[in-house]
Structure formats: C-alpha cells, structure tokens
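Participant: missing the sequence, but the structure's below:
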C-alpha cells in the first residue's frame with residue numbers, strides 16, 4: 001500500500017494515462033528475490049491486487065495461466081467484480097487514503113466518492 005499514496009499525490013492515473021507500478025505478483029510461484037523468496041500470501045495477494053486497482057493501474061497478471069491450481073487459488077481475487085469496477089472507472093483520480101483508524105486504512109477513488 002505504500003505505492004498508493006505517492007501515486008495518488010501525483011495523480012498519475014487519468015483517462016488516457018495510467019499509473020503503472022509494475023507487474024502484479026498475484027499467483028507467482030516466488031517473489032522477485034528468486035526461488036528462495038516465497039512470494040505473497042493470500043492476504044498479501046489480495047492487498048497487492050487491490051492497491052493496483054485503486055490507482056487504476058493496468059492489471060497485468062504475471063502468473064502461469066496454464067497452472068489450474070494457482071488460478072483456482074487466486075480466482076476470487078482476480079475476478080472480484082467490485083475491485084475490477086474500481087479499477088475500470090476513469091474519473092481522473094489515482095485513488096488514495098480516505099480514512100484511518102488504529103486498526104485499518106480505508107482507500108477510495110473518485111468512483112466511490114461520486115457514487
């Protein structure tokens with residue numbers, strides 16, 4: 001989520017231009033550190049995918065799409081219609097932090113704010 005706020009402040013996502021943090025690590029067998037890096041947990045995967053959606057980044061999956069086991073593990077995350085709707089709503093805003101408490105951060109984008 002550290003990626004969301006800098007992109008929001010710069011407002012790098014707007015119609016015709018999208019923030020592009022990098023490739024999604026959703027479903028990858030290991031992280032960027034190579035085979036010794038276990039990659040993301042399911043909770044981290046959900047957060048990672050959501051952060052990319054909030055900033056309207058292209059959701060370019062980088063896992064082995066031929067691996068049915070991996071696809072089944074992440075399907076609920078990558079096919080979440082509410083998250084995809086936030087990602088696909090182009091209101092000229094990169095999304096950012098909406099509220100904060102001691103236990104959680106709430107993020108939003110113009111799609112949510114205008115609804």
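Facilitator: Everything's here; your move. Here the structure is a predicted model, which is why all the values come from computation and not from measurement. Numbers count the residues shown, from 1 in each chain.
Participant: which residue is the nearest non-sequential neighbour of residue 84?
Facilitator: residue 53 (7.1 Å; CB to CB, 6 or more residues apart in numbering). C-betas here are computed from N, CA, C, even on glycine.
Participant: residue 74 now?
Facilitator: The nearest residue in space to residue 74 (CB to CB, 6+ apart) is residue 27, at 4.4 Å.
Participant: could you do residue 67 as well?
Facilitator: residue 27 (8.0 Å).
Participant: give me the neighbour count for the one you found.
Facilitator: 24 (other CB atoms under 10 Å).
Participant: what's near enough to touch it?
Facilitator: Shown in contact with residue 27 (CB atoms under 8 Å, 6 or more residues apart in numbering): 45, 61, 62, 63, 64, 67, 70, 71, 73, 74, 78.
Participant: so which helix or strand takes in residue 84?
Facilitator: helix 81-88 (DSSP states H and E).
Participant: now do the buried residues in that helix.
Facilitator: Residues 83, 86, 87 are the ones in helix 81-88 that count as buried (16 or more other CB atoms under 10 Å).
Participant: what's the lengthiest helix in the chain packed up against?
Facilitator: Counting residues, the longest helix found in the chain (DSSP state H) is helix 42-54. Applying 3 or more CB pairs under 8 Å, 6 or more residues apart in numbering; DSSP states H and E, one finds that helix 42-54 makes contact with helix 68-78, helix 81-88, strand 105-108.
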